[in-house]
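Visitor: what's the 3D shape of this:
(one chain, ligands or ions: 1)
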Amino acid sequence: MADPTPTPTSNAETTPSPDPRDNLRIYLEANNPTLTRLNALRKTGWQNPTLSHTFSTHRLLSTSPTSSTKDTFYHMMLSIGLAMHTRTWLFAALARRPNTDTPPSPPAILDLGMAPGGFSGAALAKHPDVLIRGVSLPVSAGGHEIRIPAWETNPNISIRFADVTMLAADMDISPFEIPASHPDHGKFLHERVFPSETFDIVFCGAQVSRDQTRAAYREGREHFRLRTSQLVLAMQRLRQGGSLVVLLGRADSWETAVFLRGIDAFSKSLELFKGEGAHAKRSTFYAVAQGVDVEGEAARAQVEAWKAWWRVCTLGSEQECEEMWRVGEEEVEELIEGFGRRLLHLAAPVWKTQADALGRVLEKDEVSGIEKGWRGKGGRGAWRRKNGWV
Ligand SMILES: C[S@@+](CC[C@H](N)C(=O)[O-])C[C@H]1O[C@@H](n2cnc3c(N)ncnc32)[C@H](O)[C@@H]1O
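Guide: Got it, this is the predicted structure:
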């Protein structure tokens with residue numbers, strides 16, 4: 001697909017904004033009408049009872065799931081994994097891996113935020129001999145159960161139940177750097193996870209858990225700590241030329257754009273994937289990077305930056321963490337100039353999928369409202385008049 005030709009936006013053309021980061025969204029909306037439609041739908045959606053219901057159902061799934069909802073969740077993730085493969089040929093990396101080891105080593109994946117294990121299940125369905133290593137929040141700390149059938153007795157599967165945001169050793173933080181007064185002082189992990197292994201694919205699929213009890217300093221920055229810690233670990237364990245899958249949200253936000261620009265700089269190919277099913281209405285999507293040059297200078301510099309961001313948001317004050325994300329107009333202009341066109345190209349299918357899905361839900365709600373209303377007092381005409389349809 002050819003890149004759309006972007007409409008240039010200068011500050012003179014845009015509404016003056018107190019936060020320079022808004023200029024990115026203004027630029028993207030000016031160049032993609034679907035995004036404008038999507039943002040309008042999002043606004044309407046939050047007021048809409050059907051969508052609120054959809055979101056609360058999702059919440060139910062993640063806070064008090066029954067055995068059958070746990071399986072539903074697993075199968076949903078499994079089918080998203082298989083659909084991602086159909087679109088991107090992700091699991092081909094397991095077959096075409098260069099294997100110079102003697103004896104040859106089997107293909108391997110690292111699954112961060114693994115539970116319930118749908119992506120790993122999808123990899124197993126395609127390559128039953130794949131080695132699986134996972135890191136996932138323990139159930140006792142608010143995590144999900146692993147639902148891959150008979151995983152406990154499968155010698156190819158090994159899971160570390162831990163909080164992936166607390167891997168001090170993998171972030172190059174020594175125990176002496178953590179002050180005794182730190183609210184999480186005793187919770188950091190001072191040994192590396194799966195230190196001597198390399199992987200063909202790494203999934204960074206953890207999402208902030210609503211059920212985890214966290215120290216107050218983490219609220220508001222947890223998604224950011226989660227993203228940086230997973231990416232650092234992923235890049236330190238991925239083999240040269242391997243594939244990286246990262247869960248992200250809102251491709252029109254400054255933060256996501258910065259992450260995407262970083263990943264794009266060291267990957268041979270990058271695609272954004274959003275499933276058509278249950279996830280279509282939400283703002284999340286997966287960045288699928290293939291041919292990742294983990295040894296190159298771009299990757300090295302980016303990993304150092306991610307480590308520094310994690311460190312500030314874990315050991316620094318609230319002010320220091322906020323300061324890190326303060327950007328000036330020039331920085332935003334620079335991103336728009338260097339990456340804006342590419343971002344429009346990458347994100348267009350994600351915005352379209354979400355806009356179409358939200359559009360369908362809102363339409364259905366209107367239709368079901370009409371049907372219910374017709375049966376009420378006064379019939380079809382009264383309902384239509386009351387609801388402003390005539
Ligand atoms: C959307 S689910 C991932 C689904 C998974 N990709 C699959 O294919 O089944 C998000 C997962 O991230 C985990 N998680 C959340 N916070 C975490 C943390 N700090 N460390 C490790 N895992 C975490 C959750 O417990 C949950 O299992």
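Visitor: okay, CA-based contacts and neighbour counts for the rest of this
Guide: Will do.
Visitor: How about the residues of the stretch 201-350 of the chain by the ligand?
Guide: Applying CA under 6 Å from any ligand atom, one finds that the stretch 201-350 of the chain approaches the ligand through 205, 206, 207, 208, 209.
Visitor: tell me which of those residues is nearest to residue 234?
Guide: Using CA to CA, residue 205 comes nearest to residue 234 of these, at 11.1 Å.
Visitor: Does the closest one touch residue 115 like I think?
Guide: No - here residue 205 lies out of contact with residue 115, judged by CA atoms under 8 Å, at a distance of 9.3 Å.
Visitor: From the residues of the stretch 201-350 of the chain next to the ligand, keep the buried residues only.
Guide: The neighbour-count criterion (16 or more other CA atoms under 10 Å) marks 205, 206, 209 among these as buried.
Visitor: and which of the residues of the stretch 201-350 of the chain next to the ligand is nearest the ligand?
Guide: Nearest to the ligand among these, counting by CA to the nearest ligand atom, is residue 206 at 3.2 Å.
Visitor: what's the nearest residue to the closest one if we skip its chain neighbours?
Guide: Nearest residue to residue 206, sequence neighbours excluded (CA to CA, 6 or more residues apart in numbering): residue 113, at 3.8 Å.
Visitor: This protein: strands as residue ranges?
Guide: 108-112, 131-136, 157-161, 199-204, 238-249, 267-273, 284-292 (DSSP state E).
Visitor: Dump those strands into JSON lines; add mean neighbour count and mean pLDDT as well.
Guide: Shown next, in JSON lines, are these (neighbours: other CA atoms under 10 Å; pLDDT from 0 to 100):
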{"stretch": "strand 108-112", "mean neighbour count": "27", "mean pLDDT": "97"}
{"stretch": "strand 131-136", "mean neighbour count": "22", "mean pLDDT": "98"}
{"stretch": "strand 157-161", "mean neighbour count": "17", "mean pLDDT": "98"}
{"stretch": "strand 199-204", "mean neighbour count": "26", "mean pLDDT": "97"}
{"stretch": "strand 238-249", "mean neighbour count": "23", "mean pLDDT": "96"}
{"stretch": "strand 267-273", "mean neighbour count": "19", "mean pLDDT": "98"}
{"stretch": "strand 284-292", "mean neighbour count": "22", "mean pLDDT": "97"}
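Visitor: just the helices in the chain please.
Guide: 22-31, 33-47, 49-63, 67-88, 92-95, 118-126, 222-237, 254-265, 297-315, 318-324, 329-335, 341-374, 379-386 (DSSP state H).
Visitor: Would you enumerate the residues in contact with residue 320?
Guide: By CA atoms under 8 Å, 6 or more residues apart in numbering, the residues touching residue 320 are 312, 313.
Visitor: any idea how far it lies from the ligand?
Guide: 22 Å (CA to the nearest ligand atom, to the nearest Å).
Visitor: Quick check: that residue vs residue 308, distance?
Guide: 12 Å (CA to CA, to the nearest Å).
Visitor: for residue 332, same thing?
Guide: From residue 332 to residue 308 the distance is 21 Å (CA to CA).
Visitor: neighbour count winner among the two?
Guide: Neighbour totals were compared for residue 332 and residue 308, and residue 332 leads with 19 against 16 (other CA atoms under 10 Å).
Visitor: just checking, the more buried one touches residue 23?
Guide: Yes - assessed by CA under 8 Å, residue 332 is found in contact with residue 23 at 7.2 Å.
Visitor: low pLDDT regions in the stretch 1-150 of the chain?
Guide: For the stretch 1-150 of the chain, the stretches flagged by pLDDT under 70 are 1-17, 48-64, 96, 102-103.
Visitor: Flag every residue of it that's near the ligand.
Guide: So the stretch 1-150 of the chain meets the ligand at 74, 77, 113-119, 135-137, 143-144 (CA under 6 Å from any ligand atom).
Visitor: Pop the domain breakdown of this protein in here.
Guide: Annotated domains of the chain cover 1-64+344-390, 65-326 [automatic domain parsing].
Visitor: Nearest to residue 337, out of the ones you listed?
Guide: Nearest of the domains of the chain (CA to CA): domain 1-64+344-390, 9.3 Å.
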